[in-house]
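> only geometry, no sequence info:
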């Protein structure tokens, strides 16, 4: 699924084969969409312009194609023998992975906001009406829905029974995954529009050009936020009260070293470090628990999508069309390859290859 796994870590610990910067194949998908490929059992699934495609991941040849009512800008999630996706016609679909046949559909009251996430038999997907919906993965039945203050545009991350949801009003929500009960609201001043990543006991997410780290197990007492608002006002007015505490779960923030560098996308996270790029063309490696700097690498253009970690390497694309491979320990450049069009999507790894769609509508397999 989007982010690679339910935790959205974009991390593969071991890989027998690493890509070395050679094109295995390239195919055009026509008018470009924002869909990111998903690869399962050597079959690649991706949304296109008024179509949904299944391609042979080894050759790029089409296995099957399903016509849709509009462009498919979301990415598919795969679980078992089913595929799950949201469409612009306000429907969420479950498809047979082998044939593309529709198995069930759920009708929303507004357009789908982003890609679906699947965990423990449930499908989670947001809508532009501000709700996050939890559906039964087998039947499509609505199990619960949760109202954010604005819109949950990205798929949530799931870990240890908790769902972490970013919403555009600037709040990271932690919800009980089975019931939707609110466990935490972590508030920022900025719009949240990319998925959080959960690893190492922390939730990492971008907001306002920086990366926040929040304790994954943090909980909020009912009414705590309003109490702290009053407390903060009294302290600002210099009443004899102690300095108000920080929000529950707050750990640290990382801002790029030289303003106005800005981080737009979520990090890729490994046990020892996280990796994230900014709009000035820097990829940063930071300590996973403290956020302290390890190294940084300057590419030729902006990094607008998340990197991916594969074994000892980190891969990422840039706005000027270059795909980079770095040693993840030292930041040494191993190779780079021009794909001749801006790269605004995270590379997807499977069976020793990277799969990536460029902004001109071409899909490339790199080995």
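Alright, I've got the coordinates. Worth saying up front: this structure is predicted, and the values here are computed from it rather than measured.
> and the residue lying farthest from the centre of the chain, what pLDDT?
Here the chain reaches farthest from its C-alpha mean at residue 240, the gap being 44.4 Å by C-alpha atoms, centre = their mean. Confidence at residue 240, expressed as pLDDT, is 83.
> and it, what helix or strand is that in?
Assessed by DSSP states H and E, residue 240 sits outside every helix and strand.
> roughly how far apart are it and residue 234?
Using C-beta to C-beta, to the nearest Å, residue 240 is found at 9 Å from residue 234. Every C-beta, even on glycine, is put in place using the N, C-alpha and C of the backbone.
> any weak-confidence spans in this structure?
231, 258-261 (pLDDT under 70).
> show me where it has its helices.
224-236 (DSSP state H).
> pretty sure residue 214 is touching residue 201, no?
No - counting by C-beta atoms under 8 Å, residue 214 stays clear of residue 201, with 10.2 Å between them.
> can you give me the neighbour number for residue 60?
By other C-beta atoms under 10 Å, the residues close to residue 60 number 16.
> ugh, wrong one, I meant residue 284
Look at residue 284: counted by other C-beta under 10 Å, it has 26 neighbours.
> repeat that for residue 352.
As a burial measure, residue 352 scores 15 neighbours (other C-beta under 10 Å).
> relative to residue 43, how far out is the closest residue to it other than its chain neighbours?
Using C-beta to C-beta, 6 or more residues apart in numbering and skipping residues adjacent in sequence, the residue nearest residue 352 is residue 17, 3.2 Å away. Distance, residue 17 to residue 43, by C-beta to C-beta: 19 Å.
> okay, these two: which has more neighbours?
Neighbours were counted for residue 17 and for residue 43 using other C-beta under 10 Å; residue 43 has more, 18 against 11.
> pretty sure residue 58 is one of the things the more buried one touches, is it not?
No - counting by C-beta under 8 Å, residue 43 stays clear of residue 58, with 9.6 Å between them.
> give me the contact list for stretch 331-340.
With contact meaning C-beta atoms under 8 Å, 6 or more residues apart in numbering, stretch 331-340 is reached by 20-23, 283, 285, 294-297, 313, 317, 321-327, 356, 358, 360, 362, 364, 366.
> in PyMOL, how would I select the buried members of the residues you listed?
What follows is the PyMOL syntax for the buried subset of these, where burial is set by 16 or more other C-beta atoms under 10 Å:
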select buried, resi 283+285+294+295+297+313+317+321+322+323+324+325+326+356+358+362+364+366
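> now, which of the contacts of stretch 331-340 lie within strands?
Members of these lying in strands (criterion: DSSP state E): 23, 283, 285, 294-297, 313, 317, 322-327, 356, 362, 364, 366.
> and the closest residue to residue 52 other than its chain neighbours, what does it touch?
Nearest non-adjacent residue to residue 52, counting by C-beta to C-beta, 6+ apart: residue 66, 4.5 Å away. Residues in contact with residue 66 (C-beta under 8 Å, 6+ apart) are 51-52, 95, 100.
> quickly name whichever of those residues is closest to residue 207.
Distance to residue 207, by C-beta to C-beta, is smallest for residue 52 among the contacts of residue 66, at 32.1 Å.
> what comes into contact with stretch 297-304?
Residues from elsewhere that reach stretch 297-304 (C-beta under 8 Å, 6+ apart): 264-265, 277-283, 316-320, 322, 324, 326, 331, 333, 342-344.
> er, stretch 8-22 actually
Defining contact as C-beta under 8 Å, 6+ apart, one finds that stretch 8-22 is touched by 2-4, 155, 157, 195-199, 266-270, 306-311, 313, 315, 323, 325, 335-337, 346, 349, 351-354, 366-367.
> show me which of those residues are buried.
2-4, 155, 157, 195-199, 266-270, 306-311, 313, 315, 323, 325, 337, 346, 349, 353-354, 366.
> among those residues, which are in strands?
Applying DSSP E to the buried ones among the contacts of stretch 8-22, the entries found in strands are 157, 197-199, 268-269, 308-310, 313, 315, 323, 325, 337, 349, 353-354, 366.
> so how far is residue 172 from residue 267?
Remark: distance between residue 267 and residue 172 (C-beta to C-beta) = 14 Å.
> for residue 31, that is, sorry about that
With the distance defined as C-beta to C-beta, residue 31 ends up 34 Å from residue 172.
> the two: which is more packed in?
With neighbours defined as other C-beta under 10 Å, residue 31 and residue 172 compare such that residue 172 has more, 23 against 12.
> for the more buried one, what are its contacts?
Shown in contact with residue 172 (C-beta under 8 Å, 6+ apart): 164-166, 184-186, 188, 192, 196, 203, 205, 212, 214.
> distance to residue 150 added to the residues you listed, as TSV?
Output for those, formatted as TSV (distance: C-beta to C-beta, whole Å):
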residue	distance to residue 150
164	17
165	12
166	11
184	18
185	13
186	15
188	13
192	9
196	16
203	19
205	15
212	18
214	19
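> filter those residues to the buried ones?
164-166, 184-186, 188, 192, 196, 203, 205, 212, 214.
> which ones among the residues you listed lie within strands?
Per DSSP E, strands hold the following members of the buried ones among the contacts of residue 172: 164-166, 184-186, 203, 205, 212, 214.
> between the residues you listed, which is nearest residue 83?
The closest of these to residue 83 turns out to be residue 165 (C-beta to C-beta; 22.1 Å).
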